[in-house]
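Trainee: Sequence and predicted structure are below.
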Amino acid sequence: MTKSSTNLAMVRGGSSVLSPTLSGRSDVVGPTGALVGSTYGLHVETLGHQVVDGEQPFVFLHGLGGTQVYWTAAGSSSLLPHQSTLVDLLGFGRSPRPFKKYTLETHLASLESALAGQPPSILVGHSLGAALALAYAVRNPESVTGLVLISLPSYGGPQGAIRWHRRRLRGWFLTNMVLTGLACVTTRRLLKPLLPLILRDIPREVARDLVEHNVMSSTTSLWNVLYRRDLATDFDALPDDLPVTFIHGTQDATAPIDSIRRLTAGHQNRELIELPGIDHHPWLRDPAACTAVISDTGRLVATARRTN
């Protein structure tokens, strides 16, 4: 069975129209006609703003437990660039949530299908979305003109993730898949209506959407995309001239900032913007600062493309 979602398509003059986009399962066929895998259509929305010549399109990917509402909550949609495509990752929000193991390949295949008609874009990702944006750029370099990676969790592999998180009691739950799964089920089944009241430091819409996933999309995405991989190898595979901007809070207890400092050291096209006193959610804490960085990246990419 398939379900339909809504794609907010961009039209000229700043108005918008609604057009259906498929959110069910679809097969991927290779150039020879051979079946090479299957994907699930994702819920995608493109903001309906007038695009000025020379501006770069952007694609926004949310983090674990989030949805595309993360980028638009509390009126922050007005801060997004003119042409911004927002994606609900597979297993989250209004995208399909198959009860299966989620791997990097699973996520990338669905993203590639969803963004097939998207012009070359700057990818903006938060946390899990940042890791997927990075991997997407490695696999589809012709489709990515720049990266803005917010709170990227780079642990260097499973042992690094365990060492980092188990400095605190909460980390013992985050690095045990069974305990993480139980916490996920408990939150979704028992605490769902209370989350906006309990989590007062984030917008109500974001707190409400923290349960828009299932135990498999939450736990296996965490382990397979973030914990079990050394993201430094992805940076080694990026094109040398691809601009990468990191936004990271100095008080981030989820994603170590020191690893990002090492990833930027000695690389001309990588820049780290450190936000003092900010935790794992720079976009929620200081969206104006993040918007300025994202806009600067857009201008940098546009200038480079005109020069070339």
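Mentor: Arrived safely, thanks for sending. Numbering: from 1, shown residues only.
Trainee: Could you count how many residues lie near residue 253?
Mentor: Taking other Cβ atoms under 10 Å as the neighbour definition, residue 253 ends up with a count of 14. All C-beta spots, glycine's among them, are computed from the backbone N, C-alpha and C.
Trainee: residue ranges of the strands in this structure, please?
Mentor: Secondary structure of the chain (DSSP state E): strands at 4-10, 16-22, 25-29, 35-40, 44-46, 58-61, 84-87, 121-126, 144-150, 244-249, 270-275.
Trainee: which residues does residue 247 contact?
Mentor: Contacts were defined as Cβ atoms under 8 Å, 6 or more residues apart in numbering; by that measure residue 247 touches 148-151, 273, 275, 282, 290, 293.
Trainee: That one pairs with what?
Mentor: On the basis of DSSP bridges, residue 247 takes part in beta bridges with residue 150, residue 273.
Trainee: Could you verify my assumption that residue 287 touches residue 76?
Mentor: Yes: between residue 287 and residue 76 a contact is recorded at 4.6 Å, counting by Cβ atoms under 8 Å.
Trainee: between these two, who's got more neighbours?
Mentor: For the pair residue 287 and residue 76, the greater number of neighbours falls to residue 287 (20 against 17), based on other Cβ under 10 Å.
Trainee: mind listing what the more buried one touches?
Mentor: Under the criterion of Cβ under 8 Å, 6+ apart, the contact partners of residue 287 comprise 76, 79.
Trainee: measure it to residue 281 for me?
Mentor: Relative to residue 281, residue 287 is positioned 10 Å away (Cβ to Cβ, to the nearest Å).
Trainee: now swap in residue 97 and tell me
Mentor: Counting by Cβ to Cβ, the gap from residue 97 to residue 281 is 23 Å.
Trainee: With residue 228 instead?
Mentor: Distance of residue 228 to residue 281, computed by Cβ to Cβ: 24 Å.
Trainee: who's more crowded, those two?
Mentor: Summary of the neighbour comparison: residue 228 and residue 281, criterion other Cβ under 10 Å, with residue 281 having more neighbours (21 against 14).
Trainee: In contact with that one, which residues are there?
Mentor: Shown here is residue 281, whose contacts under the criterion Cβ under 8 Å, 6+ apart are 126, 151, 202, 249.
Trainee: Can you add distance to residue 83, pLDDT and neighbour count and give the residues you listed back as JSON lines?
Mentor: What follows is the contacts of residue 281, written out as JSON lines (distance: Cβ to Cβ, whole Å; pLDDT from 0 to 100; neighbours: other Cβ atoms under 10 Å):
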{"residue": "126", "distance to residue 83": "19", "pLDDT": "98", "neighbour count": "29"}
{"residue": "151", "distance to residue 83": "24", "pLDDT": "98", "neighbour count": "27"}
{"residue": "202", "distance to residue 83": "27", "pLDDT": "94", "neighbour count": "18"}
{"residue": "249", "distance to residue 83": "27", "pLDDT": "98", "neighbour count": "22"}
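Trainee: Out of these, which is nearest to residue 86?
Mentor: Within those, the smallest distance to residue 86 is 11.8 Å, found for residue 126 (Cβ to Cβ).
Trainee: Please name the residues that touch the closest one.
Mentor: By Cβ under 8 Å, 6+ apart, the contact list for residue 126 reads 61-63, 66, 70, 150-151, 281, 283.
Trainee: bridging residues for it?
Mentor: Residue 126 forms beta bridges with residue 150, as assigned by DSSP bridges.
Trainee: can you count the residues close to residue 47?
Mentor: Other residues lying near residue 47 total 20 when counted by other Cβ under 10 Å.
Trainee: out of everything not next to it in sequence, what's closest to it?
Mentor: Counting by Cβ to Cβ, 6 or more residues apart in numbering, the nearest residue to residue 47 once its immediate chain neighbours are dropped is residue 84, at 4.8 Å.
Trainee: and the one you found, how far is that from residue 148?
Mentor: According to Cβ to Cβ, residue 84 and residue 148 sit 12 Å apart.
Trainee: same thing with residue 253?
Mentor: The value you get for residue 253 to residue 148, if Cβ to Cβ is used, is 22 Å.
Trainee: Same question for residue 226.
Mentor: With the distance defined as Cβ to Cβ, residue 226 ends up 18 Å from residue 148.
Trainee: ok, now residue 291?
Mentor: The spacing between residue 291 and residue 148, counted by Cβ to Cβ, is 11 Å.
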